[in-house]
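[1] Next input, structure requested:
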Amino acid sequence: MNETSSAVDLSDQTKIRWDFEGELTYGDYLGLDKVLDAQRPLSDEHDEMLFIVIHQAMELWMKLSIHEITAARAHIIANTLDPVFKMLSRVARVQGQMLQSWEVLATMTPADYLKFRGGLGSASGFQSHQYRILEFMLGNKNAKLAEVHRSRPERYEQVIAALEAPSLYDECIRLLGRRGMAIDPACIERDWRKPYRAHASVEAAWQAVYDDVTHYWDLYDLAEKLVDLEHRFQQWRFAHLTTVERIIGSRTGTGGTTGVSYLKRALDLRFFPELWSVRTTL
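    Just a heads-up that it's a prediction; the model follows:
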């Protein structure tokens, strides 16, 4: 075997530049010095790096999801739906990436985790302000859950802003009203801080959309994108639950939550309830 056969042949790469002194580089553009310096384990345990990287990556995916949902909501308000379909599809695919993250984290055994868990103190995913913003934007409003962020004024302000704004689904319901559907006024203007409750007028509107897909194609497409998004989100929640159960069993969470039982209750929540119930009557 030729001893140089595994080497990279650069003979035809004469146009590659090698000196970028003083210019914007890949690392500069991505801020990699800061990103790659953000993994700082508190112990010498091997698996703590995995734990940190997985959760930091999820926070980055959540940042992208918030970015996309914010833009999608603005387009729904402006009655320009075409960009919305791509944005919601992207968020659903992001959820798929986050789902895969739990599979990587599940390679850590209970014994591995317990070696460094004590060093986490009260730090918990329950304190993720981005996750709370994401849930509020999708409609799972609960003012009490915002209070955990009060000690960090800038984050608390962002969480409260998401709590007080109409959710993505609220804006979809208002869109149905603008399209001539007979939506009850209580669903169009209400206290946005409170969780949405399913309403017969909204289900009837979605029923009309599904009964005449050709006429309401864009609304039908919107509905299916929402269902896909929630489906992926529920898969992510379930994977979170089973991963936590696999690693810590029924122990209390580091942030004081009830751990697995808290996550199980979240599985019963629906962001877009009528889009699920209408399937029974089609």
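[2] nearest spatial neighbour of L229, skipping sequence neighbours?
    A92 (4.8 Å; CB to CB, 6 or more residues apart in numbering). (Each C-beta comes from the backbone N, C-alpha and C, glycine too.)
[3] what pLDDT does the one you found get?
    Reported pLDDT at A92 in the predicted model: 93.
[4] who touches it in this structure?
    225, 228-229, 231-232 (CB atoms under 8 Å, 6 or more residues apart in numbering).
[5] top of those by neighbour count?
    L229 (25 neighbours; other CB atoms under 10 Å).
[6] re the thing from before, so which of the contacts of A92 sit within helices?
    Within those, residues falling in helices by DSSP state H are 225, 228-229, 231-232.
[7] Return the member of those nearest to I247.
    Taking CB to CB as the measure, I247 lies nearest R232 of these, at 22.5 Å.
[8] Which helix or which strand is home to the nearest residue to that closest one once chain neighbours are set aside?
    Excluding its sequence neighbours, the residue lying closest to R232 (CB to CB, 6+ apart) is Q95, at 3.6 Å. Secondary structure from DSSP states H and E places Q95 in helix 82-105.
[9] Give the buried residues for that helix.
    Buried residues in helix 82-105, counted by 16 or more other CB atoms under 10 Å: 84-85, 87-88, 90-92, 94-95, 98-99, 101-102, 105.
[10] could you list every residue that touches Q235?
    By CB under 8 Å, 6+ apart, Q235 lies in contact with 95, 99.
[11] Start the count at 50 instead of 1 going forward.
    Yep, numbering from 50; the last one is Q284 now.
[12] Now do whichever helix or strand it is part of and helix 131-154, the angle between them.
    Q284 belongs to helix 266-297 when assigned by DSSP H and E. Orientation check (axes from the mean of the first three to the mean of the last three CA atoms, to 10 degrees): helix 266-297 against helix 131-154 gives 10 degrees.
[13] Now do the buried residues in helix 266-297.
    Judged by neighbour count using 16+ other CB under 10 Å, the buried positions of helix 266-297 are 268-272, 274-279, 281-283, 285-290, 292-293, 296-297.
[14] No further queries at this time; thank you.
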